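quick one, fold the following:
(2 chains)
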Amino acid sequence: REMNGSYSMQGVEPDKGTKCRESFKFVSEVKRDVWKEIGEERSEPTCSLSVSKISYTVSERLGPWWDLPSYRKRWTRQILNDVSFHVDSGQIMGILGNSGSGKTTLLDAISGRIGNSGTLLGDVFINGRKLKREEYQDCFSYVLQSDNLLSYLTVEETLTYTAQLALRKHSAEAIKKKVSAVMAELSLTHVAHSVIGGRVFPGISGGERRRVSIASQLLQDPRVILLDEPTTSLDSMTANQIVVLLAQLARRNRIVIVTIHQPRSELFRVFSRIAIMSCGKLVFCGQPEEMVDFFSQCGYECPEYCNPFDIYVDFTSVDTRNSEREAATFNRMHEITSAYQRSAIYQSMLEKVEQNLQQTDKPAIPFKSKESPNGAAKLEVLLRRTVRNLSRDRMGVLMRLSQNLIYGLFVAFFVMHLDNDITKGAIQDRIGIIYQSIAASPYTGMLNAVALFPALRAIGDQESQDGLYSKWQMFLAYIFHILPFSILSVIIFTSFLYWTIGMNPDSVRFLCFSAVVLVPHITGELLTVVLLGVVQDPNMVNTGVALLNIAGILVGSGFLRSTQQMPEVFQWLSYLTFQKYSCELLIVTEFHGLNFTCTPLLPLPGACVITGGDQIIEQGYPGALSRYTLDFVLLYSFLPALLLLGIISFKIRDKVIRH
Amino acid sequence: TYSGGCNELEVNNLQYEVDTAAQIPWYERLSEFKLPWEINGNKQTAINKLSLRVHSGQMLAVIGSSGCGKTSLLDIITCRDEGGTITSGQILINGKPNTPKVVRKTVAHVRQDDRLLPHLTVRETLVFVAKLRLPTHFTKAQRDKRVDDVIAELRLRQCAHTRVGNDYVRGVSGGERRRVSIAVQLLWNPGILILDEPTSGLDSFTAHNLVITLSRLARGNRLVLLSVHQPRSDIFQLFDLVVLLSSGSAVYCGPACDMVPYFTALGYPCPRYCNPSDFYVDLISIDRRSPEQEAECLERARVLAEQFEEKVKDTEDHMWKPDGSSTSITSDDSSQQPGVVEGEQLITISQQINRLPGKLHQFTVLIRRHMYNDYRDLVTILVHGFEALLMSLLVGCLYYGAGQERLSIQDTVALLYMIGALTPFAVVLDVIAKCHTERAMLYHELEDGMYSVTSYFFAKVLGELPEHCVFTLVYGLPIYWLAGLNDAPDRFLLNFLLVWLMVYCSRAMALFVAAALPTLQTSSFMGNALFTVFYLTGGFVISLQNMWLVASWLSYISFMRWGFEGMLQVQFRGNKYPVTVNNYTIEIDGIHVVGILNMNQHPLYSCYLVLLAVCLVFMALYYLSLKFIKQKSSQDW
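Below is the predicted model of the structure:
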């Protein structure tokens, strides 16, 4: 491990000189340099990747679910068709192809993230050793198309936290060194202390963000790096810089494979291998100058002032606009493919694969550094990271702290002061306040989660695929980091509302009131996060939780329909709602021992039946007084229960979501 | 092909400045906590001394890296500039300055994003636009022919009966959707076609095809102006004229095929297997990685721009022509002349009857389009219906257990309040979300002058009525029946009318909020806040007597209070309830219960009148905000 660490530092030096010259040199020269570096100057073990006859088929149902006869029928679609290639370390391979040609699926297949929906055939060899399916993920680093980064962390912090999650046995010193080495390698040092930035507030540029994503993969010292469309959505100049940078990474004894859509013609000289895919087949794979020759031999000349990449991709892709065109282009594609498979390029590549397999002293498989820390330590790092991120998010913090208060202001504005006279709404207003406190606080919790959690969820999905931690650990970290904010927010809310409108002036009762209101607030957020674990669309979760909340209030609270009179099913159901317990508790907290006055305006019979708060408790919630402690325990047991549910939900997510 | 008169677009020495701070709308700044003094506006020159002249039959491609002023240029030409000022120069369309009115008449603008109704088929989309856009003297057969022509012209025939779709709804492919957007603009046969990045996001075949179509359109005597970010080499070869922009000034403007010789002469040859547009865009784009590089690039771009300006100083159309080829272009022009004259006569003849459809006609077309789009979206309708039904069943079952005996007074009061307060909440959220998805398209079409606000308003309001009625029925009926409320038919009808009005009030409120505020977030916050105010002042949560002055004023406009009051009166008047006091059981009229709640001060009919008034006021506010608050159409959230 030490050796790996120092090797990338060394790697910077000898390249520096050649780097600038090389990026615009002709391919053959680049090749020679690389060859020299690897073959003679380097003593580190080289590494080679062979992919042999990878095929991937999925079977899909023909029709929609309501059309049963066609739904029962399945048809198999071949997404990858017998793909084989060989790459040595020090090489960068670019995979070209139109959308739908299977580029991304190929990377998914090699990196072991393809899921179980289809059947994958074929083998992947590293250094001539066959890789087991479950080892794929430990051997390859995969940089996804989108950058999922926490927007309020600096570049250095982002990388440090990732390093802490990935590398256990390293001391703080070693991690620091590692991070600065990686930053130097990707020339991120000048933005080390800049914030990443998000959609609305500015941060580092798109190209830099891309490089941070690549850097966080490099921390684990992978020998094979796969990148899916690393240049999409970058402007052309930045895109070129990224590819040149990747070529430099490759030259330091790594294998880099990128899929790329519409590469610029200048990049022609940068790639050491170019593969063209169409309809799941590898139409061509070889060195760039071989490519021009090959296509010229096939009779497809690239005209002057034309981007050969574009021309050759067009020659090999299938135009589905109408059936004649489709047949013609398909035949052309087929012709080129078979020409390629007859060519010397293909044969020599096959020989190389064969050679590698025959080798007697095969070097070991270079796994990523993966001595990751234990669960508790990971949780701690995750917790620190989320707290650090939120603490810089002024809007997020303010939203968390003030939302309950804003609602409290509304309520207080309309109630102003509670009266003790029954005819002036003493009972009605108090119940109204309790009802509002129970109904609104889960809602604000839900709003927080819907606004802030999906971004974190996306990061968690990606990093758990990288094997940094499990999704449920991220869920726990999220829940723990919101606790202090939720407590503070509820205390601000209750201390404002309680004393402004003049509820039962007893400080113990106030504390009980706050402690009760806290639970619905946290439950609202927890429930939302739990659902977000299994439901992808936040808007759907939003509606779902809002409905659940209303249903819970209707069934559980007993304000809208006294519990004893409900149909039996609902009475049973009410035990499952946290609203039942919290309402009972708040009713007792407020009404126990309270005395009312009564000055009826009209001498109506029955206007002054109720004189004390205990009557209310006896009528609506018989026995609630004696259940006070039990209710508290039951109410608070909702939190661990939901935590458990959340862990299960995120374990399910592991199965459902692939990257 | 286009048979109208010859059009000419001229940009004269244009200088345009953008205030970078003014580009960020206030609500985004607010969400970042940027206080007024934290915003330091710096004015940047977006377009610098640019001159162009193009006329019908030409296709001009504006090429440049991001931030070179492409979009600004197109925005200025189409009068959609925001946050910038033209400091000098002018834009002339057929010799007249470009006012929005002129633009609306002659220019079709295809925007970067596709704004179409997702549930209409391609053909329906076009037919509705044809009805709105084509002059009234077109017969149905002529209109259909025009639609078919455009479909054929853009090769949309095989997907003509497929839904358009969007990100969430499966429909035609991205390239086809792009072509539908272009078809929408082509339908009304404009002389000038302006397209902002039409090829981005398309795969190579489609992009290639699209540009071929565009150049064919240009050859059919139209003026086509498009901006392209990074044209592939095959596409570049299809352009006839290009202008290369760097920081707002033209570095080259002239025939595409002469661009390489021009730069070669200046000492910048293009390598052999290199896409010239890529190569020269790189040459003039600004590398901002370090200050030195940036200064160097700026200097190079400036020098190139000056050199170009020097070269074209004497030409009339500010285009570079290689020596000797100028004659061929003029001969080209002269060959077009006769056709143009004919076209002009044609247009003068038709001008008298060239009236666009009137408001009533617009309204009928819009309402049909609305219906088509909404009722094809079965899933959303079912989800909403199911939501309402579920809610209603839940509430109904909750109050069902009473069996033979009636619900107690307390329960009845609570139930009545719940009926009024539950659904409106879901309705508010749904309506706001729907308005925001539709609104980008609405403001595009209003900008294009396709129809008037008034027609849209009535079409929208009336188009949603049937849906509203059905949902109120689905919601109101089961509750009433399950809870066993007063079963006299007149009482039921009165009650149903109240529910209908209350839900409609909340709908109107949501429409108003969605039209008045800029983002979905602000709209839903405001909708929630207003709803909470009306909810709290409804008279159930807080008793009316106990409300202080301002709150009780608010309760007078709370539709929930009036609805609640009305429902109580409908339900209790004349119903006898037994009350036991000190072992005496007396029957009292239910209306006294209403009296205790302070809900018997106004006659029943006034509840209906007030609710109706609240609806109308919100509708009027909705109309006014549609008319006067112009929301940015390019918002995506």
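
just want the residue of the stretch 401-550 of chain A that's nearest chain B.
The stretch 401-550 of chain A approaches chain B most closely through A:Gly425 (3.1 Å), counting by C-beta to the nearest C-beta. Heads up, the C-betas are built off the backbone N, CA and C, glycines and all.

so what's that residue up against?
Taking C-beta atoms under 8 Å, 6 or more residues apart in numbering or on different chains, we find A:Gly425 in contact with A:Asp419, B:Ile542, B:Ser543, B:Gln545, B:Asn546.

hang on, the fourth one in a helix?
Yes - in this structure, B:Gln545 lies within a helix as judged by DSSP: H, G, I helix; E, B strand; the rest coil.

and for it, the neighbour number?
Neighbour count of B:Gln545, defined by other C-beta atoms under 10 Å in any protein chain shown: 16.

that one touches A:Lys424, doesn't it?
Yes - judged on C-beta atoms under 8 Å, B:Gln545 makes contact with A:Lys424 at a distance of 5.8 Å.

and the strands in the chain?
Going with chain A. A:48-61, A:74-88, A:92-96, A:118-126, A:129-130, A:140-143, A:224-227, A:255-259, A:273-278, A:281-286 (DSSP state E).

oops, wrong one, chain B.
Counting by DSSP E, the strands of chain B are B:8-19, B:43-55, B:59-63, B:84-93, B:96-97, B:107-110, B:192-196, B:223-228, B:241-246, B:249-255, B:576-581, B:584-589.

next, format the ones you listed as JSON lines and append mean neighbour count and mean pLDDT.
As requested, the strands of chain B are arranged in JSON lines below (neighbours: other C-beta atoms under 10 Å in any protein chain shown; pLDDT from 0 to 100):
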{"stretch": "strand B:8-19", "mean neighbour count": "19", "mean pLDDT": "78"}
{"stretch": "strand B:43-55", "mean neighbour count": "20", "mean pLDDT": "79"}
{"stretch": "strand B:59-63", "mean neighbour count": "25", "mean pLDDT": "89"}
{"stretch": "strand B:84-93", "mean neighbour count": "15", "mean pLDDT": "78"}
{"stretch": "strand B:96-97", "mean neighbour count": "10", "mean pLDDT": "80"}
{"stretch": "strand B:107-110", "mean neighbour count": "22", "mean pLDDT": "84"}
{"stretch": "strand B:192-196", "mean neighbour count": "24", "mean pLDDT": "87"}
{"stretch": "strand B:223-228", "mean neighbour count": "26", "mean pLDDT": "88"}
{"stretch": "strand B:241-246", "mean neighbour count": "26", "mean pLDDT": "86"}
{"stretch": "strand B:249-255", "mean neighbour count": "25", "mean pLDDT": "85"}
{"stretch": "strand B:576-581", "mean neighbour count": "13", "mean pLDDT": "71"}
{"stretch": "strand B:584-589", "mean neighbour count": "11", "mean pLDDT": "76"}
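
out of the ones you listed, which gets nearest to chain A?
Across the strands of chain B, the minimum distance to chain A, taken as C-beta to the nearest C-beta, is reached by strand B:576-581, at 4.4 Å.

which residue sits closest to B:Asn546, ignoring its sequence neighbours?
A:Gly425 (4.0 Å; C-beta to C-beta, 6 or more residues apart in numbering or on different chains).

quick one: the one you found from A:Thr597, how far?
Shown here: A:Gly425 relative to A:Thr597, a distance of 12 Å by C-beta to C-beta, to the nearest Å.

just B:Ile591 next, same as before
26 Å.

between these two, which is the more surrounded one?
Between B:Ile591 and A:Thr597, counting by other C-beta under 10 Å, B:Ile591 is the more crowded of the two (16 against 13).

so the more buried one makes contact with B:Val570?
No - at 10.8 Å, B:Ile591 does not count as touching B:Val570 under the criterion of C-beta under 8 Å.

quick one, which of the strands of chain A is nearest to chain B?
The nearest among the strands of chain A, by C-beta to the nearest C-beta, is strand A:92-96 at 11.0 Å.

give me the angle between the closest one and strand A:273-278.
On the basis of axes from the mean of the first three to the mean of the last three C-alpha atoms, to 10 degrees, strand A:92-96 is oriented at 20 degrees to strand A:273-278.

and strand A:92-96, is it in reach of chain B?
No - against chain B, strand A:92-96 shows no contacts by C-beta under 8 Å from any C-beta of the partner chain, the least distance being 11.0 Å.

what sits closest to the residue nearest the centre of chain B if chain neighbours are left out?
Of all residues in chain B, the one closest to the mean position by C-alpha atoms, centre = their mean is B:Ala440, 1.9 Å from it. Leaving aside its chain neighbours, B:Ala440 sits nearest to B:Arg115 (4.9 Å; criterion: C-beta to C-beta, 6+ apart).

what about the one you found, neighbour count?
18.

just checking, it touches B:Asp448?
No - at 10.6 Å, B:Arg115 and B:Asp448 do not qualify as touching, with contact defined as C-beta under 8 Å.

tell me the most buried of the strands of chain A?
Highest mean neighbour count of those: strand A:255-259, a mean of 27 (counted as mean count of other C-beta atoms under 10 Å in any protein chain shown).

pull the residues that contact it.
Taking C-beta under 8 Å, 6+ apart as the rule, strand A:255-259 contacts A:47-49, A:87-97, A:103-104, A:106-107, A:110, A:223-230, A:243, A:246-247, A:249-250.

now stretch A:405-422
The set of residues external to stretch A:405-422 that reach it, using C-beta under 8 Å, 6+ apart, is A:425-426, A:429-430, A:432-433, A:436, A:440, A:444, A:489, A:492-494, A:496-497, A:500-503, A:595-599, A:607-608, A:610, B:529, B:532-533, B:536-537, B:542, B:546-548, B:550-551, B:554.

now do it: distance to the chain's middle.
Relative to the chain's own centre, stretch A:405-422 is displaced by 42 Å; criterion: C-alpha atoms, centre = their mean, to the nearest Å.

and for stretch B:356-368?
For stretch B:356-368, the distance to the chain centre is 18 Å (C-alpha atoms, centre = their mean).

and it, what's buried?
Buried positions in stretch B:356-368, judged by neighbour count with 16 or more other C-beta atoms under 10 Å in any protein chain shown: B:Pro357, B:Gln362, B:Phe363, B:Val365, B:Leu366, B:Ile367, B:Arg368.

export that stretch as CSV, just CAs?
In CSV, the C-alpha atoms belonging to stretch B:356-368 read as follows (Å, rounded to 0.1, in the frame of the first residue of the first chain):
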residue,chain,number,x,y,z
LEU,B,356,-56.6,36.0,-37.6
PRO,B,357,-59.3,34.1,-35.6
GLY,B,358,-61.2,36.2,-33.2
LYS,B,359,-61.3,35.8,-29.5
LEU,B,360,-64.4,33.6,-29.4
HIS,B,361,-62.9,31.3,-32.0
GLN,B,362,-59.6,31.2,-30.0
PHE,B,363,-61.6,30.3,-27.0
THR,B,364,-63.4,27.4,-28.6
VAL,B,365,-60.2,26.0,-30.0
LEU,B,366,-58.4,26.3,-26.7
ILE,B,367,-61.1,24.7,-24.7
ARG,B,368,-61.1,21.7,-27.1
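
cheers, nothing more for now.
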